[in-house]
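Undergrad: just a sequence and a predicted model for now, questions to come.
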Amino acid sequence: MSRRRVVTSVAKSMTRAGEHLSKNPTTTRYTRIILLILVVLCLVAVIVVACANRPPVGNSDNALTIHFIDVGQGDSIFIQFPNGQTMLIDGAKQSTVTATELTDYLLNLYPNESVDIDYCMLTHTDADHCGSLDDVINHNNINVKCVYQPRVVSAYQYDMLHDAVDTGKCNYSYLPYIDTNVYASFVNAVHNEMLSGVCTHVEYNLQGQTINGEGWSMHIYNPSEQIYRDLATGTQTASEKNNVSPIMVLSCNGRTVLFTGDADEDAENNFLSNVNYNFGDNYVWSGDCDVLKVGHHGGEQSSNTPFLQVVKPEYSIISVGDNTYGHPTAQTLDRLGDYCGDNIYTTQECGNIVLTILAGEMNWRMERNVVSAYLPRQYQLTVLSYIVCIGYVQSTIANDDVTRQLRLQAILTYQRLSND
């Protein structure tokens, strides 16, 4: 019998038990306790069966593993390189729940040890990309060693870019200023990480940059001076902010993956105009990629035809959640479909998307929560209702933070399902 059929069978039993309790108010207290125990045991069985034989979350030797983390409407990508180094690209929206989920995800990849992030890349200043990065950087068990960020001044009083202006090395005529609290919090966190000695240096995203590791390379097509100038002198439209996003080309194990932040048309054109730029290590773009992380959550202004004609993606990943922007748009999906066919995956539908590349072979793993991953919809609300109820009882008795967090996640998922 398949895992899905087993979980469905258990869920049916839980549903029948719940119906019995609700329809028989005269049921004795002893019977109710027995039924509650059975419900708890059924819930445990659901989780155990659903989690059985799941692939390990760690990274094997010589493998490249890329985690497109499900953070709702936002971006966060964690990369484990073959040589043991790591990179985090963006940090989702500003939210206590999101920050907890993101840090927990990273910590769970390295049980019983701290997480070293060798490279942390903030693509641009939007809140759905930098919102929880300060929580990641400030976490006691996460060490961020090097930061790549936009050359954009923040409202944080000790922003190092202020010194560049004060000393005359830069001026605000072409150095953009973004005064959002969320961006200032990120810059503050980076500053504190540098003061602690954990972070050794900060790089500002401008022109071409390269990061080389053992068995891999990351070529970064950063925004031009003109793109920064447009942001500094314009009205700071959403498109002007988005186009600060670099387009990054990761080559490893015979495969190529492109990361795009919220790159719209100007950023894509900047990439195309510099695509044959020699980075100093004889690297020349081959004009093809295996995986494209789609820009701007699949927005209409991203993944334009001239760009796609060059990169020719085989697979496309869209990081997206519930939104009022219509992401991903039908126009963008149609353009992507011309190259990827049905190989277009969204975190909204698939949850965490984990790609492992070893010896040229690509292996995909979709990781939704165990309830939604293995349970037919008609039973999901039932199971989550029990989780909520049991969570309330347990957290009241034991003051258990873990149980309260489980209950919170169950409530959020319950609300989402109820509103669908």
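TA: It's in. These figures come from a predicted structure and were not determined experimentally. Numbers count the residues shown, from 1 in each chain.
Undergrad: can you map out the strands along the stretch 51-200 of the chain?
TA: 64-68, 77-80, 86-89, 115-117, 119-121, 142-144, 146-150 (DSSP state E, counting those that start in this stretch).
Undergrad: neighbours of the closest residue to residue 366 other than its chain neighbours, how many?
TA: Spatially, and ignoring its direct neighbours in sequence, residue 366 is nearest to residue 350 (4.1 Å; C-beta to C-beta, 6 or more residues apart in numbering). Every C-beta, even on glycine, is put in place using the N, C-alpha and C of the backbone. Neighbour count for residue 350, taken as other C-beta atoms under 10 Å: 19.
Undergrad: surely residue 350 meets residue 364?
TA: No. Between residue 350 and residue 364 there is no contact under C-beta atoms under 8 Å: 9.0 Å.
Undergrad: out of the strands of the stretch 51-200 of the chain, nearest to residue 216?
TA: strand 64-68 (6.6 Å; C-beta to C-beta).
Undergrad: average pLDDT across the closest one?
TA: Averaging pLDDT along strand 64-68 gives 98.
Undergrad: from the contact counts, what lies against it?
TA: Contact partners of strand 64-68 among helices and strands, from 3 or more C-beta pairs under 8 Å, 6 or more residues apart in numbering; DSSP states H and E: strand 77-80, strand 352-358.
Undergrad: neighbouring strands - and their directions - for it?
TA: strand 77-80 (antiparallel), strand 352-358 (antiparallel) (DSSP bridges).
Undergrad: where does the stretch 301-420 of the chain have low pLDDT?
TA: Within the stretch 301-420 of the chain, the segments meeting pLDDT under 70 span 369-420.
Undergrad: swap in 50 and give it another go.
TA: Low-confidence segments of the stretch 301-420 of the chain (pLDDT under 50): 370-378, 388, 391-400, 403-404, 407, 416-417, 419-420.
Undergrad: what ranges do the strands span in it?
TA: Assigned strands in the stretch 301-420 of the chain, in chain order: 313-318, 344-346, 352-358, 361-367 (criterion: DSSP E, counting those that start in this stretch).
Undergrad: list the buried residues in stretch 72-83.
TA: 72-82 (16 or more other C-beta atoms under 10 Å).
Undergrad: that should have said stretch 203-211, apologies.
TA: 203-206, 209, 211.
Undergrad: out of these, which comes closest to residue 165?
TA: After measuring those against residue 165 - C-beta to C-beta - the closest member comes out as residue 204, at 13.3 Å.
Undergrad: on that earlier part again, make TSV from the strands of the stretch 301-420 of the chain and add mean neighbour count and distance to residue 196 to it.
TA: Shown next, in TSV, are these (neighbours: other C-beta atoms under 10 Å; distance: least, C-beta to C-beta, whole Å):
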stretch	mean neighbour count	distance to residue 196
strand 313-318	24	34
strand 344-346	21	37
strand 352-358	20	30
strand 361-367	15	33
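Undergrad: make JSON lines from these and add distance to residue 198 to it.
TA: Output for the strands of the stretch 301-420 of the chain, formatted as JSON lines (distance: least, C-beta to C-beta, whole Å):
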{"stretch": "strand 313-318", "distance to residue 198": "30"}
{"stretch": "strand 344-346", "distance to residue 198": "34"}
{"stretch": "strand 352-358", "distance to residue 198": "27"}
{"stretch": "strand 361-367", "distance to residue 198": "29"}
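Undergrad: and residue 113, which of these is closest to it?
TA: Using C-beta to C-beta, those put strand 352-358 closest to residue 113, at 19.9 Å.
Undergrad: what's in contact with the closest one?
TA: 57, 59-60, 62-70, 105, 252-255, 257, 291, 317, 345, 347, 362-368 (C-beta atoms under 8 Å, 6 or more residues apart in numbering).
Undergrad: buried subset of these?
TA: Using 16+ other C-beta under 10 Å, the buried ones in those are 57, 59, 63-70, 105, 252-253, 255, 257, 291, 317, 345, 347, 362, 365, 367.
Undergrad: so what's the residue count around residue 214?
TA: Residue 214 is flanked by 9 other residues according to other C-beta under 10 Å.
Undergrad: ok, now which ones touch it?
TA: 82-83.
Undergrad: so it versus residue 359, what's the distance?
TA: Separation of residue 214 from residue 359 (C-beta to C-beta, to the nearest Å): 16 Å.
Undergrad: same thing with residue 113?
TA: 27 Å.
Undergrad: same deal with residue 123?
TA: 30 Å.
Undergrad: among the two, which residue is more densely surrounded?
TA: Taking other C-beta under 10 Å, residue 123 and residue 359 do not tie; residue 123 has more neighbours (29 against 8).
Undergrad: ok, the residue lying closest to that one once chain neighbours are set aside - contacts?
TA: Leaving aside its sequence neighbours, residue 123 sits nearest to residue 261 (C-beta to C-beta, 6+ apart; 3.0 Å). Residue 261 makes contacts with 75, 89-90, 123-124, 129, 242, 245-247, 267, 295-296, as judged by C-beta under 8 Å, 6+ apart.
Undergrad: in CSV: these, plus distance to residue 302.
TA: Converted to CSV, the contacts of residue 261 look like this (distance: C-beta to C-beta, whole Å):
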residue, distance to residue 302
75, 12
89, 16
90, 15
123, 13
124, 13
129, 14
242, 8
245, 10
246, 14
247, 11
267, 9
295, 4
296, 4
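Undergrad: ok, those vs residue 305, which is closest?
TA: residue 295 (13.6 Å).
Undergrad: the closest one contacts residue 267, correct?
TA: Yes. Look at residue 295 against residue 267 with C-beta under 8 Å: they come within range, at 7.4 Å.
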